[in-house]
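Undergrad: Next one to model:
(one chain, ligands or ions: 1)
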Amino acid sequence: MIPTGRPCSFPDAISKTTDVNHQVSKALIDRGGENTLFVVEDLSNVRKATERVRKKDRYVSVSWSFYQLRSMIEYKAALNLSKVIAVDPAYTSQACPMCGHTEKGNRNKKTHTFCCNSCRYTSNDDRIGAMNLQAKGIEYLAEMAVSA
Ligand SMILES: [Zn+2]
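TA: Numbers count the residues shown, from 1 in each chain. From the prediction side, this is the model:
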């Protein structure tokens, strides 16, 4: 006999986040295909960035969902002959991917823009972050090739 009564379930917000994380990780793995290197920011120190947020519980859900997404990507990547590396997120949105000039003032958080104070390269700040992560992934692969 199957026991009756309320089934065990996560609170709504948690199960919704979990669903989204499943979809996002699956889409990333499907899109990358086999033998793909995924570069993610190591957000174990995300607390520092969100500490000043008024709602005290917010930091918990934010860091928890990032951690879950990363775990899902790692799990699915391993099944698909791919790999995930986590890199230090420091300066990923402050460093210019063109000339390397790094300063806080390169990025305007309010307008989500990046304008290098040295070479004037301009783009969306998230795109800059992605370009810098890609560069770190290429560096990683180059190091692997040297040590292999
Ligand atoms: Zn520059």
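
Undergrad: domains in this protein, as residue ranges please.
TA: In the domain annotation for the chain, the residue ranges read 32-87, 90-148 (automatic domain parsing).

Undergrad: ranking the ones you listed by mean pLDDT, which is last?
TA: Note on the domains of the chain: domain 32-87 shows the lowest mean pLDDT, a mean of 79.

Undergrad: Need the contact partners of the helix or strand containing residue 27.
TA: For residue 27, the host element (DSSP states H and E) is helix 12-32. With contact meaning C-beta atoms under 8 Å, 6 or more residues apart in numbering, helix 12-32 is reached by 9-10, 36, 38, 61, 65, 68-69, 72-73, 75-77, 80, 82. To be clear about C-beta, it is placed using only N, CA and C from the backbone, and glycine gets the same treatment.

Undergrad: what about whichever helix or strand comes after it, distance to the chain center?
TA: Beyond helix 12-32 on the C-terminal side, the first helix or strand identified by DSSP H and E is strand 37-41. Mean-position distance between strand 37-41 and its chain equals 7 Å (C-alpha atoms, centre = their mean, to the nearest Å).

Undergrad: Ok, stretch 15-22 next?
TA: With C-alpha atoms, centre = their mean as the basis, stretch 15-22 stands 16 Å off its chain's centre.

Undergrad: can you list the residues of this protein near the ion?
TA: Contact residues, the chain versus the ion (C-beta under 5 Å from the ion): 96, 98, 99, 101, 116, 118, 119, 121.

Undergrad: ok, of the residues you listed, which come out buried?
TA: Among these, those classed as buried by 16 or more other C-beta atoms under 10 Å are 96, 116.

Undergrad: Next, format the residues of the chain next to the ion as CSV and append secondary structure.
TA: Formatted as CSV, the residues of the chain next to the ion follow (DSSP: H, G, I helix; E, B strand; the rest coil):
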residue, secondary structure
96, coil
98, coil
99, coil
101, coil
116, coil
118, coil
119, coil
121, coil
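
Undergrad: Quick check: buried residues in the helix or strand where residue 74 lies?
TA: Using DSSP H and E, residue 74 maps to helix 58-79. Buried residues in helix 58-79, defined by neighbour count with 16+ other C-beta under 10 Å: 59, 62-63, 65-66, 68-70, 72-74, 76-77.
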